[in-house]
Every structure is written in structure tokens, then in C-alpha cells.
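**Q** What follows is a predicted structure for the sequence shown.
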Amino acid sequence: MEHNSEIVDLGRFISNSTYEREKHEIHLINENFDIVLDYFDSKNNIIHEIKKSTKMEDSHIWQVKFYIYVLIQLGLKNVTGVIDYPLLRKKVSVELTPDDFKKIESYIKDIKDIITNEIPPKPINKPFCKNCSYFELCYI
């Protein structure tokens with residue numbers, strides 16, 4: 001759904017202009033996930049996720065934690081993350097703790113339960129919903 005989003009396009013522009021010499025948008029796809037890393041430093045095993053604002057920083061942190069989880073599941077070791085806010089000249093380091101690992105596995109189970117339900121859950125009606133790339137999916 002994000003291919004129609006102006007916000008995603010702006011984020012892609014910021015990402016591409018931040019790490020101009022690095023490979024961008026590394027796609028990792030299998031039967032359990034479909035993710036896109038903004039940039040991955042393979043020498044140091046650091047995921048870089050580039051964001052334009054800290055408005056939803058907690059969500060950004062959990063996004064990177066999930067990406068770390070996926071790379072660990074694929075067999076990489078000592079993976080960490082950094083959220084880059086180039087417009088703010090700010091960086092936030094992200095690590096996955098054992099408790100985070102358990103939470104992510106619980107979230108994955110919850111998502112699978114939702115997917116298998118015959119009736120989708122009701123929309124959550126949060127202020128950020130109106131700007132979400134998936135708005136039409138929830139409110140159709």
C-alpha cells in the first residue's frame with residue numbers, strides 16, 4: 001500500500017540523499033515477512049533506518065527491533081540498528097534485548113491470530129490513522 005504514499009516518497013528521497021553512495025532499499029522477502037531495509041552496513045552488521053521526524057519514534061524503534069529480529073533469524077550475529085534523522089541531525093541507537101525478542105514473537109503470534117480470524121478487528125481510530133498508508137484497508 002505504501003507505493004501510493006507521498007510521505008513514503010519523501011522518506012525515500014531523504015534516505016537516498018543521506019547515504020548517496022550506499023545501496024538503498026534492501027528487500028528481504030520470505031513466507032513470513034516482506035521488509036525493506038533503508039541501508040545495511042554489512043561490515044558492522046548495522047541496520048540504518050532513515051526517518052524525517054521523531055514524531056513516532058517509539059514505532060521507529062520497534063520497526064528497527066523487528067528488522068534486527070529478522071536478520072538474527074536469518075543467521076546474522078551481533079546485529080544492531082541506528083535510526084537516522086538527517087533533517088534533525090540526530091541518531092538513535094537500537095538494540096534487541098531478550099525481552100524485546102519475546103515481545104516480537106508474541107506480536108507475531110497476535111498478528112497470525114488476526115490474519116486467521118474471519119472478521120477483521122475494528123479500526124483503532126488514532127490521530128495518525130488518517131495519514132497512514134493503510135488507511136483505506138482499515139476504513140473501507
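**A** Looks like it arrived, so ask away. This is a predicted model, so every value here is computed, not measured. Residues are numbered from 1 along each chain as shown.

**Q** hey, let's count contacts and neighbours off CA atoms from now on
**A** OK.

**Q** On the three-state scheme, the closest residue to residue 88 other than its chain neighbours is what?
**A** Once flanking residues are discounted, residue 88 sits nearest to residue 53: 7.3 Å by C-alpha to C-alpha, 6 or more residues apart in numbering. When classified by DSSP: H, G, I helix; E, B strand; the rest coil, residue 53 comes out as coil.

**Q** Which residue ranges of the protein form helices?
**A** Under the criterion DSSP state H, the chain carries helices at the ranges 6-18, 57-73, 98-116, 135-139.

**Q** Okay, now the unreliable bits of this protein?
**A** By pLDDT under 70, the low-scoring segments of the chain are 1-24, 140.

**Q** wouldn't the residue nearest to residue 88 be in contact with residue 89 here?
**A** No - the pair residue 53 and residue 89 does not pass the contact test of C-alpha atoms under 8 Å, sitting 10.3 Å apart.

**Q** which of the two has more neighbours?
**A** residue 53 (15 against 7; other C-alpha atoms under 10 Å).

**Q** Fine by me, thanks again.
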